[in-house]
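Student: build me a structure from this.
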Amino acid sequence: MGSMGWESNYWIWDTVFIPRVMGGLMVMAALLGLSTGYFGALPVPGLPAALLPSSFGLFPRRNGRKKVRVYMDGCFDLMHYGHANALRQARALGDELVVGVVSDEEIIANKGPPVLSLEERMVMVSGLKWVDEVIADAPYAINENFMNKLFDEYNIDYIIHGDDPCLLPDGSDAYALAKKAGRYKQIKRTEGVSSTDIVGRMLLCVRDRPNSDNHNHSNLQRQFSHGNSHNDDGGSSSSGTRVSHFLPTSRRIVQFSNGKGPGPDARIVYIDGAFDLFHAGHVEILKYARNLGDFLLVGLHTDQIISAHRGPHHPIMNLHERSLSVLACRYVDEVIIGAPWEVTKDMKRNERKIESERRYYEDKTYVGSD
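Tutor: Just a heads-up that it's a prediction; the model follows:
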């Protein structure tokens, strides 16, 4: 019988076969329910999966939704809170985030030598709380072979990138194939920070030293940073290196925070430091500290304290930037922004006060206009 014959007899399935099958299943379920009610709690065997209504496609699976897996790649050299925010946004577009870390060779061919090695960059990416899986030696451009590998082997649904253009040396779009396939999604770039800007800040740290008074060297340093420091009257630069004036909003801090306090019997571990230019060594020590207890509290020293102990050219990243970098680490539960150099009794009393208030309010129910 041809397709037209099948279509002409399709009413038989709608009006005869399916209603009778479903009716039989319902009667069977009713009898099983009656038997258990009459004879006691007898175990009712589950129906075979092939006989369930969902297997016929008659009803949608409500709790069996396929997880959406998204992919984002990058160099992630001198990783900063902008990278972390990009991966946070990418993770929000799916259920699982797979991150590709571009190889050293690919970076050299397309951008120049990276500051950090692949191993260091892998540690940094793996240490972020939004990352579920990491692929090493990812290509700089999404070619057809690698794109098919993402779709077939890694079950990737969408490829993610920021709204800033990513062009290859020949001027072509690195994500052209993903866009053509209809599997591309875009996130907003985090303004105010970049790896190039951080390199510029590092160069500015040596600008005022006696051996760095070469005019050409100074010009090179200024090209790398927006934070060049000079007097208003056009005189020479000040003795301290000015860092970014980035100020996070409360919403951004909440986005980076876990939002959970320690349990009633949790062992709280405290560690403090500058955590300037957050790197792989920081990730490793925070991982070690977290394994010593149940809740890791990290104290971040102020810019003034760090400058007093390490010199006028430090820190490279300001307190708020450092706070977001530490909060993005998967091993960190909470951060004290502006912790003192020494642990004081007031700090301990304040922590006990916060914990007691948390226990008081956690079981309360509130009704609001929202």
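
Student: now do the strand or helix carrying Ser325: which elements does it pack against?
Tutor: Assigned by DSSP states H and E, Ser325 belongs to helix 319-327. In this structure, helix 319-327 makes packing contacts with helix 81-92, helix 250-256, strand 295-301, strand 334-339, judged by 3 or more C-beta pairs under 8 Å, 6 or more residues apart in numbering; DSSP states H and E. Where you see a C-beta, it was placed from the backbone N, CA and C, and this is true even at glycine.

Student: the ones you listed: lowest mean pLDDT?
Tutor: In terms of mean pLDDT, the lowest-scoring of these is helix 250-256 (a mean of 88).

Student: for that helix, packing partners?
Tutor: Helices and strands touching helix 250-256, as assessed by 3+ C-beta pairs under 8 Å, 6+ apart, comprise helix 81-92, helix 319-327.

Student: next, format those helices as TSV and append mean neighbour count and distance to Gly162.
Tutor: Output for the helices and strands packed on helix 250-256, formatted as TSV (neighbours: other C-beta atoms under 10 Å; distance: least, C-beta to C-beta, whole Å):
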stretch	mean neighbour count	distance to Gly162
helix 81-92	22	6
helix 319-327	24	17
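
Student: got TSV for these, with distance to Phe295 too?
Tutor: Formatted as TSV, the entries for these read as follows, by distance: least, C-beta to C-beta, whole Å:
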stretch	distance to Phe295
helix 81-92	21
helix 319-327	14
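
Student: that older thread, between the helices and strands packed on helix 319-327, which one is nearest to Asp152?
Tutor: Asp152 lies closest, by C-beta to C-beta, to one member of the helices and strands packed on helix 319-327: helix 81-92, at 20.6 Å.

Student: direction included, what does the very next helix or strand once past the closest one pair against?
Tutor: Next in sequence after helix 81-92, counting helices and strands by DSSP H and E, comes strand 96-102. Neighbouring strands of strand 96-102 in its sheet, by DSSP bridges, are strand 69-74 (parallel), strand 133-138 (parallel).

Student: what's the closest of these to Leu296?
Tutor: With C-beta to C-beta as the criterion, Leu296 lies closest to strand 133-138 of the strands paired with strand 96-102, at 21.8 Å.

Student: just the buried residues of the closest one, please?
Tutor: Neighbour-count burial for strand 133-138, counted by 16 or more other C-beta atoms under 10 Å, picks out 134-135, 138.

Student: nearest to Leu292, of the residues you listed?
Tutor: Nearest to Leu292 among those, with distances taken as C-beta to C-beta, is Val134, at 25.1 Å.

Student: one step back: of the helices and strands packed on helix 250-256, which approaches Lys188 most closely?
Tutor: When the helices and strands packed on helix 250-256 are ranked by proximity to Lys188, the top entry is helix 81-92, at 6.8 Å, counting by C-beta to C-beta.

Student: hang on, the earlier thing: quick one: mean pLDDT over the helix holding Ser325.
Tutor: Averaging pLDDT along helix 319-327 yields 95.

Student: the stretch 151-300 of the chain: strands as residue ranges?
Tutor: Using DSSP state E, counting those that start in this stretch, the strands found in the stretch 151-300 of the chain span residues 158-162, 184-187, 268-273, 295-301.

Student: show me the strands paired with the first one, marking each as parallel or antiparallel.
Tutor: According to DSSP bridges, strand 158-162 forms sheet pairs with strand 69-74 (parallel), strand 184-187 (parallel).

Student: so what touches the shortest one?
Tutor: Applying C-beta atoms under 8 Å, 6 or more residues apart in numbering, the contact partners of strand 184-187 are 70, 86, 89-90, 93, 158-163, 175, 178.

Student: mind listing what's buried in that strand?
Tutor: Of the residues in strand 184-187, those buried under the neighbour-count criterion (16+ other C-beta under 10 Å) are 184-185, 187.

Student: give the contact list for the residue lying closest to Trp130 once chain neighbours are set aside.
Tutor: Residue nearest to Trp130 in three dimensions, not counting chain neighbours: Arg91, with 3.9 Å by C-beta to C-beta, 6 or more residues apart in numbering. For Arg91, the contacting residues are 70, 97, 130-132, by C-beta under 8 Å, 6+ apart.
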